[in-house]
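J.: sequence first, then the predicted structure:
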Amino acid sequence: MMRISERSIAKLILFTPLFSVLLVIAVATYLYVKRIRETYHDEQQRNLKAYIATRQLQSENWIKQTLQTLEFSEAHLEPDIRKTLKDRVDLAYDTALYIHEKYQYISHEAIIKRHIADSLRRMVWEGTQNNYIWITDYYGNTVLTAEKVLQNSNIIDFVDADGRAIVLEQIQTVRKRGEGYIKTRLSEAVGKQIHYVRDFGQYDWFFGSAVTLEQARTALKASMIEMIRSFPSERSGFIGVLEGDQILYLSEGAEAYIDGEMRYRIAQEPQKQWFEIEGLHAMVHARSFGPFGWTLVHGFERSGFDVGLIESQKRLERRIDQEMLRIIFGAFMISLISIVISLMISRHTSKLFLLYQRKLRDREQKLRELNVSLEERIKEALSQHQQKEKMLIQQSKMAEMGDMISMIAHQWRQPLNQLSYIFMNIEGAYEYKELTPEYLDEKLSEGTRLLEFMSQTIDDFRNYFRPDKARSETTLSEVLAQTLPLIENTFEVDGIALHVSYGSHTSVTLFRNELMQVLLNLLKNAKDVLIERDISVPIVRAATFEEAEECIIEVCDNAGGISDVTIGKIFDPYFSTKSASKGTGLGLYMSKTIVEGHLGGRIEARNDGEGACFTIRVPKRGGG
């Protein structure tokens, strides 16, 4: 019995460690592989959700910005028409007055009148006779008209499609007020027009011009399509404009997604904003713009994410295979060693200890190698995060394209009118033999200055949208001075005073365009809150100055300040005090990211009594 017991103990000593090791290895392998697969699956789902959320936000922001541009253009259509008409008639009035004053003492009145009519007959805009100047006297006699059958006729009894004596109404307007706007429908075919008339009292005349609303709206639609067509395309994304289920514009490659079936779905479900295309793994965002009867679409497909997912899966499979080989090899070696130890435990205790030390050193080496590999992966992940952050900053700048186009339009409108007037002066001087070399040089110099101003405007906006590739040495005063021309015209239009002072002249090294983006965001926020709160004397102050170790930019307004409840949250992502249609909550968050992450500085907000102040501090040793 004693022998059997000893043999059993010997067998237990021999096989128990072996079975224990094999069991532990099997369980550990199973749990390890299961954990890796679960981690991979969870990471895959998180990345997919983050990717879809980011692309959805980009789609919604693009459509929101485009809708704001369309709404702005539609809202300003009639005011722009009125200004265009007034500019035309004012130009005709100035030309006629110039001719009258020049020849009133040396020519007969009939000759002067004919001279004025001949000069104004050549004033045609946009290459069409529908955009012309007419002259009628107080008695309804036509002096100048584009309709030859009506030339030198009396049209005082003419009535429009609504039965209004429109000519008589024009005469009454200029005699009572000197000038005025009149809406009319001359005929059913022409549609509604806006007329502007102005008195020319020297001969009991009045000048007038008209624009058809439907033609102006058609031209506006065409310009909006061209604007959308000019938007840069992005990988795995597409945009389009629909009218009902008809295509007005689709970007390259969008036909595969916005086919007849999808257009029908969008037309049948106007309240639904997101559509999924299961077979193509794509999503489409659609929103309508009622005044034009348009539907804007912006979508993306998941191929970019799926490619990265496949590569990640392959790397995981290779890693699992390698781990399995190592585990199997390790299990075999441990089992062999366990058997040898069980048989020769008494004779090889010292050898077993040495073997254990050697294996321990091997594991320590592997651990060190794993730590090195982990550090490299962390560096790579940080680099990718910084790259994505730069891309988000650049995309944020591109999303402001609608506002920038409006700024360029404001900057160019007056120079274009002045160029037109210069050309009219040169033509008039040439026609009446008064074009001297000195006069021509003077007018050419004026035109050159206007063109240089317009060219500089385009250069300013182009430099703003060019992404920074490297830091440059500059002063905060120079950055502020380069930023203001991009937005100060909109301040003038909205009647907001802009007070600027420059007190920082120490050079720092930073990303110039990124700091300009932050300043534009702060200035635009100040303008928006002044307009929203209807401040009677709106003022924005921008100043640069220095302290012992820092260069500082400060932007303040007099809109009453930020409430104590929200001032601690304004730099949080997706937090906004504006309505959903006017703000995304990313502007100040991106500004804080740029200043603290890229410039190595700080951005702070406070109330100073009259309103809110935002302060940017950059160390003098250089940003970042």
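T.: Yep, it's here.
J.: can you give me the end-to-end distance of stretch 157-167?
T.: 7 Å (CA to CA, to the nearest Å).
J.: where's Lys208 relative to Trp274, distance?
T.: Just to correct that, residue 208 is Gly rather than Lys. Using CB to CB, to the nearest Å, Gly208 is found at 51 Å from Trp274. All C-beta atoms are positioned from the backbone trio N, CA, C, and that covers glycine.
J.: neighbour count: the two, which is higher?
T.: Gly208 (25 against 12; other CB atoms under 10 Å).
J.: did I read that right, that one in a strand?
T.: Yes: counting by DSSP: H, G, I helix; E, B strand; the rest coil, Gly208 is part of a strand.
J.: the closest residue in space to it that isn't next to it in sequence: what secondary structure?
T.: Using CB to CB, 6 or more residues apart in numbering and skipping the chain neighbours, the partner closest in space to Gly208 is Val197 (4.1 Å). Under three-state DSSP, Val197 falls in the strand class.
J.: list the contacts for Val197?
T.: Val89, Gln170, Thr173, Val174, Glu179, Gly180, Ile182, Phe206, Phe207, Gly208 (CB atoms under 8 Å, 6 or more residues apart in numbering).
J.: and the fourth one, what does it touch?
T.: Contacts for Val174 (CB under 8 Å, 6+ apart) come out as Gly180, Val197, Arg198, Asp199, Phe206.
J.: nearest to Gly503, of these?
T.: Arg198 (49.2 Å; CB to CB).
J.: per-residue confidence at the closest one?
T.: For Arg198, the pLDDT comes out at 95.
J.: burial measure for the nearest residue to it once chain neighbours are set aside, as a count.
T.: Nearest non-adjacent residue to Arg198, counting by CB to CB, 6+ apart: Glu179, 4.2 Å away. Counted with other CB under 10 Å, residues neighbouring Glu179 total 17.
J.: nearest to Gly140, of the contacts of Val174?
T.: Gly140 has its nearest neighbour among the contacts of Val174 in Phe206, at 10.9 Å by CB to CB.
J.: so after the helix or strand hosting Cys551, what's the next helix or strand?
T.: Secondary structure from DSSP states H and E places Cys551 in strand 550-557. Next helix or strand after strand 550-557 toward the C-terminus (DSSP H and E): helix 587-593.
J.: can you show me the strands along the stretch 51-200 of the chain?
T.: In the stretch 51-200 of the chain, the segments counted as strands under DSSP state E, counting those that start in this stretch are 134-137, 142-144, 179-185, 192-200.
J.: need these in CSV with distance to Asn607, can you?
T.: CSV is the format used below for the strands of the stretch 51-200 of the chain (distance: least, CB to CB, whole Å):
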stretch, distance to Asn607
strand 134-137, 58
strand 142-144, 61
strand 179-185, 45
strand 192-200, 46
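J.: confirm Val618 sits in a helix?
T.: No: read with three-state DSSP, Val618 is strand and lies in no helix.
J.: list the contacts of it.
T.: By CB under 8 Å, 6+ apart, the residues touching Val618 are Leu476, Val508, Leu510, Glu550, Cys551, Ile552, Val595, Leu599, Gly600, Gly601.
J.: contacting residues for the first one?
T.: Residues in contact with Leu476 (CB under 8 Å, 6+ apart) are Ser504, Val508, Leu515, Thr544, Cys551, Ile552, Ile553, Val618.
J.: with adjacent residues omitted, what lies nearest to the third one?
T.: By that I understand Leu515. Val479 (5.2 Å).
J.: and the next helix or strand past whatever helix or strand that neighbour lives in?
T.: Using DSSP H and E, Val479 maps to helix 476-483. Sequence order places helix 488-493 as the next helix or strand after helix 476-483, per DSSP H and E.
J.: sheet partners, orientation included, of the following helix or strand past that following helix?
T.: Later in the chain than helix 488-493, the nearest helix or strand by DSSP H and E is strand 497-502. Applying DSSP bridges to the sheet, strand 497-502 is found paired with strand 539-546 (parallel).
J.: can you give me the buried ones in the strand it pairs with?
T.: For strand 539-546, burial by neighbour count (16 or more other CB atoms under 10 Å) applies to Ile539, Val540, Arg541, Ala542, Ala543, Thr544.
J.: now stretch 250-264
T.: Across stretch 250-264, burial judged by 16+ other CB under 10 Å covers Leu250, Ser251, Ala254, Tyr257, Ile258, Met262, Arg263.
J.: for the fourth one, list the residues it contacts.
T.: Translated: Tyr257. Shown in contact with Tyr257 (CB under 8 Å, 6+ apart): Phe238, Ile277, Leu280, Ala282, Val284, Gly299, Glu301.
J.: what do you get for Gln246?
T.: Gln246 is in contact with Arg263, counting by CB under 8 Å, 6+ apart.
J.: tell me the spacing between it and Gly587.
T.: From Gln246 to Gly587 the distance is 36 Å (CB to CB).
J.: with Ser563 instead?
T.: 18 Å.
J.: swap in Glu596?
T.: 15 Å.
J.: who has more neighbours out of those two?
T.: Gly587 (22 against 14).
J.: show me where this structure has its helices.
T.: With helices called from DSSP state H, the chain shows them at 2-75, 77-103, 109-121, 166-177, 213-229, 260-268, 303-343, 349-399, 401-431, 437-465, 476-483, 488-493, 512-532, 587-593.
J.: report how many residues lie close to the closest residue to Ser119 other than its chain neighbours.
T.: Excluding the flanking residues, the one nearest Ser119 by CB to CB, 6+ apart is Thr95, at 5.8 Å. Neighbour count of Thr95, defined by other CB under 10 Å: 21.
J.: per-residue confidence at Arg326?
T.: pLDDT recorded at Arg326 is 72.
J.: if we can go back for a sec, check contacts around the residue nearest to Ser119.
T.: Taking CB under 8 Å, 6+ apart as the test, what Thr95 contacts is Ile116, Ser119, Leu120, Met123, Met424, Gly428.
J.: so which of the residues you listed is the closest to Glu60?
T.: Met123 (46.2 Å).
J.: now for the closest residue to that closest one other than its chain neighbours, how many residues are close by?
T.: Nearest non-adjacent residue to Met123, counting by CB to CB, 6+ apart: Ile133, 5.0 Å away. By the criterion of other CB under 10 Å, Ile133 has 26 neighbours.
J.: pLDDT at Ile133, what is it?
T.: pLDDT for Ile133: 90.
J.: quick check: it touching Leu144?
T.: Yes: with contact defined as CB atoms under 8 Å, Ile133 reaches Leu144; the gap is 6.9 Å.
J.: shared neighbours of the two, anything?
T.: Counting by CB under 8 Å, 6+ apart, the common neighbours of Ile133 and Leu144 are Leu120, Arg121.
J.: wouldn't Ile239 be in contact with Leu248 here?
T.: No: in this structure, Ile239 is not within contact of Leu248 by CB under 8 Å, at 11.5 Å.
J.: these two: which is more packed in?
T.: A direct count of neighbours by other CB under 10 Å for Ile239 and Leu248 places Ile239 higher, at 23 against 18.
J.: show me what the more buried one bridges to in the sheet.
T.: Ile239 has these beta-bridge partners by DSSP bridges: His298.
J.: domain-wise, how is this protein divided?
T.: Per automatic domain parsing, the structural domains of the chain span 77-217, 232-300, 467-624.
J.: quick check: mean pLDDT across the last one?
T.: Right, the one you point to is domain 467-624. 84.
J.: just the contacts of Val197 now: which is nearest Gln365?
T.: Val89 (89.3 Å).
J.: in the stretch 51-200 of the chain, where is pLDDT below threshold?
T.: 125-131 (pLDDT under 70).
J.: ok, now with 50
T.: Scanning the stretch 51-200 of the chain for pLDDT under 50 picks out 129.
J.: returning to that earlier point: in the contacts of Val197, find the pair that's most separated.
T.: Farthest apart among the contacts of Val197 by CB to CB are Ile182 and Phe207. That separation is 13.6 Å.
J.: who has more neighbours, those two?
T.: Phe207 (27 against 17).
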